[in-house]
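Visitor: quick one, what's the 3D model for this:
(one chain, ligands or ions: 1)
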Amino acid sequence: MPKGGIMNPKQKILELLREEEPGYVSGEYICQQLQVSRTAIWKTIESLRSDGYDIEARPRLGYRLLTSPDILDPAEWQTDIKTHIIGQTVRYYKTTTSTNEVAKDLARQGITEGAIIITEEQSKGRGRLGRTWQCPPRTGLCFSVVLFPRANPMEVPQFTMLAAVAVVKALYRTLGLRAQVKWPNDVYIEGLKICGILAEMAAEADRVKYVVLGIGLNVNQSKEDLVCFGNTATSLRVQLGRTLLRSQILKVLLEELDNLYTLWQQEGFLPLKGLWRDNALWIGNKVQVSGLNSNYQGTMEGIDDGGALLLRLYDGTIK
Ligand code: BTN
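Guide: Below you'll find the predicted structure:
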């Protein structure tokens, strides 16, 4: 539930309808619970219907929820979420430019730590290295998390790794799927990219002001939707052969992010380094790493205590 247990009228009505599912809830009972007029209830029901909820209204019986849409409105997932920090504050948009851009603005304005900015559609979704992030409306999970960690700017890559491990854990918990983290910040399934992470920050010389973690997870994209990535990407729908309820995956992912961020706050990066290594792709394999100005070839050894990649070069030295 959101901090302080405050739900908006939509969330409250959905909760009442779900408690009685598949039965009816009388209009009078809803009025009593929400302490508002019948007209206000009717308006909220209409608004829920325009969001895609199929709600039946029967004289003398009241209202009954028939089906729910696959939308990321917090009314769908925030009510019983088990987190302390992440996802307690939410900004939900049907469409926006880039959740990372919105999140950075809100971080500068001092939004609560753990706030998430989530959307059904991005017009300027951004990927790493100046690339765009493509995701057809209402198919994927595109969201950003605002953090205010007591950290040094050098430590920021650790949060990308934390997010990647959270995605791996969430996919296993919700779907039993084995995904792997790929340095520096992707998640792969069966050799194909399922999730990308874009971490951005503002910092002074030795202190982070904020970190924005942008996560793009491919959920219900079809094979055609993924053509823009070449043959390098997949989605949960392609992997499993069925469409999924994005809000359920989101909820578990936010819980995993919350657990791991709490672990980082209490114990630092060391336990996360172990988790990352346990789930990493290509450990012990020969790899080529391209930086902005340099290329290295060697065997992937793992990551160091700060989260930097460790490569054994062909002359035996560790870079
Ligand atoms: C990458 O693999 O290049 C990183 C992709 C990150 C995409 C996400 S979607 C939500 C957030 N908002 C953005 O504009 N980008 C990130």
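Visitor: residue 200: neighbour count?
Guide: Other residues near residue 200 come to 17 when the count uses other Cβ atoms under 10 Å. C-beta coordinates here come from the backbone N, C-alpha and C atoms, glycine included.
Visitor: tell me what it is bridged to.
Guide: Beta-bridge partners recorded for residue 200 (DSSP bridges): residue 212.
Visitor: check the gap between it and the ligand for me.
Guide: The span separating residue 200 from the ligand equals 9 Å under the rule Cβ to the nearest ligand atom, to the nearest Å.
Visitor: look up how far residue 84 lies from that residue.
Guide: To residue 84, residue 200 is 24 Å away according to Cβ to Cβ, to the nearest Å.
Visitor: now residue 29
Guide: For residue 29 relative to residue 84 (Cβ to Cβ), the value is 32 Å.
Visitor: swap in residue 222?
Guide: Per Cβ to Cβ, residue 222 is found 37 Å from residue 84.
Visitor: burial count for the residue of the stretch 151-300 of the chain found nearest the ligand?
Guide: Taking Cβ to the nearest ligand atom as the measure, the point where the stretch 151-300 of the chain comes nearest the ligand is residue 196, at 2.1 Å. Around residue 196 there are 22 other residues, counting by other Cβ under 10 Å.
Visitor: try residue 187
Guide: Residue 187 has 26 nearby residues by other Cβ under 10 Å.
Visitor: with residue 273 instead?
Guide: Using other Cβ under 10 Å as the criterion, the residues surrounding residue 273 number 19.
Visitor: ditto for residue 205
Guide: What residue 205 shows, counting by other Cβ under 10 Å, is a neighbour count of 6.
Visitor: residue contacts, residue 85?
Guide: Residues in contact with residue 85 (Cβ atoms under 8 Å, 6 or more residues apart in numbering) are 113, 114, 258, 261, 262.
Visitor: tell me what the helix or strand bottoming out on mean pLDDT in the chain is packed against?
Guide: Lowest by mean pLDDT, DSSP states H and E among the helices and strands of the chain is strand 286-290, with a mean of 85. Using 3 or more Cβ pairs under 8 Å, 6 or more residues apart in numbering; DSSP states H and E as the contact definition, the elements that strand 286-290 packs against are strand 295-303, strand 309-313.
Visitor: any idea how far that strand is from the chain center?
Guide: Using Cα atoms, centre = their mean, to the nearest Å, we find the averaged C-alpha position of strand 286-290 to lie 28 Å away from the chain's own average C-alpha position.
Visitor: which residues are in contact with stretch 58-72?
Guide: Applying Cβ under 8 Å, 6+ apart, the external contacts of stretch 58-72 come out as 14, 17-18, 20-30, 45, 51-57, 76, 92, 118-120, 138, 141, 143, 220, 243, 245-247, 250.
Visitor: next, the buried residues of the lengthiest helix in the chain.
Guide: Assignment by DSSP state H gives helix 246-267 as the longest helix of the chain. Judged by neighbour count using 16 or more other Cβ atoms under 10 Å, the buried positions of helix 246-267 are 246-247, 249-261, 263-264.
Visitor: before we move on, what about stretch 152-164?
Guide: For stretch 152-164, the neighbour count (16+ other Cβ under 10 Å) marks 153, 155, 156, 157, 158, 159, 160, 161, 162, 163, 164 as buried.
Visitor: what's the domain layout of the chain?
Guide: Segmentation of the chain into domains, based on automatic domain parsing, reads 3-67, 74-278, 282-319.
Visitor: out of the ones you listed, which one sits most buried?
Guide: domain 74-278 (a mean of 19; mean count of other Cβ atoms under 10 Å).
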